[in-house]
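Undergrad: here you go, sequence then predicted model.
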Amino acid sequence: MRFVYPQGKRKALTFSYDDGQNFDRRLAELLRSHGMKGTFHLNTGRLGLRRGTEVYVSREEISEIYAGHEVACHGVEHRNLPTITRQQVILEIQEDRKVLEEVTGELVQGMSYAFGNYNQEIMDIARSLGIKYSRTVQETKGFYPPSDFMAWHPTCHHNSGLLELADRFIDVPGFYELPIMYVWGHSFEFGLSGDWSVIEAFADKMAGKEDIWYATNMEIYRYIQAVRQQDFSADGEVMYNPTAMSVWINGPEGIVEVKPLHSVSVV
């Protein structure tokens, strides 16, 4: 028996993009048009700001630009969290959450660390403030789910062998359980250079795969957390789903949806 993603899909693909500059509009639409989802991490203290070549999305645009995607925290002012006081860290995260939740009308519990900088204290503070996962900038070049979602290392930056890794992901070996390809970056890297070719080629290559679940960061977090809460009989032959979310397995009878509060034989 192996766990699989919703509807029996074997792999998951997600994106994580920071800072909320106006180039997010084109990137969000590119992903949407290819049936893909991403997570966009915003600094609410910069919403609507225009500073030289930097133009940030406005509060009023968020619902339109990020429709179908996830909006998450990146700190109110994009401050380097390990170098400021505990109280300032709390304000950076908590106030970011408050504004984004007010704008979106949804719980905002995801984050990425500004500058990719964090430590155990920052992780603990963020977790205490209701953050469920936070992305780093440490590339793995691999596809395993994170052991700790508060230090969720991406597969790669989009300028780091993206298309070659896409080929590897398409043919990922069967011993990977719940493999994820997790791409991160900033949309302004495409916008300022005018070169969108890499991300466009990647989207074309990866779109429409029947074995890939296209999901936001939070959707993946919630699903894998549900998987990790499954209960088994002492002999390992019966699985019970104690969560409020369906979990899918590939068992002796093929793909099976294990509904909330239901048991199933896994041999």
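TA: That came in fine, so what should we check first? Numbering: from 1, shown residues only.

Undergrad: which helix in this protein has the most residues?
TA: For the chain, the helix with the greatest residue count under DSSP state H is helix 86-104.

Undergrad: check which helices and strands that one sits against.
TA: Packed against helix 86-104 by the contact rule (3 or more CB pairs under 8 Å, 6 or more residues apart in numbering; DSSP states H and E) you find helix 62-65, strand 70-73, helix 120-128. Yep, even glycine has a C-beta here, placed from its N, CA and C like the rest.

Undergrad: repeat that with 10 Å
TA: strand 38-42, helix 62-65, strand 70-73, strand 110-112, helix 120-128 (3 or more CB pairs under 10 Å, 6 or more residues apart in numbering; DSSP states H and E).

Undergrad: quick check, residue 177 in a strand?
TA: No. Secondary structure of residue 177 (DSSP: H, G, I helix; E, B strand; the rest coil): coil, not part of a strand.

Undergrad: what's near enough to touch it?
TA: Shown in contact with residue 177 (CB atoms under 10 Å, 6 or more residues apart in numbering): 2-4, 10, 144-145, 227.

Undergrad: tell me, how many residues neighbour the nearest residue to residue 57 once chain neighbours are set aside?
TA: Closest residue to residue 57 apart from its sequence neighbours, by CB to CB, 6 or more residues apart in numbering: residue 20 at 5.1 Å. Counted with other CB atoms under 10 Å, the neighbours of residue 20 add up to 28.

Undergrad: phi and psi next, for residue 20.
TA: phi 70, psi 30 (degrees, to the nearest 10).

Undergrad: next, give phi and psi for the most centrally placed residue in the chain.
TA: Residue closest to the average C-alpha location in the chain (CA atoms, centre = their mean): residue 217, at 2.0 Å. Backbone geometry at residue 217, expressed as degrees, to the nearest 10, gives phi -60, psi -40.
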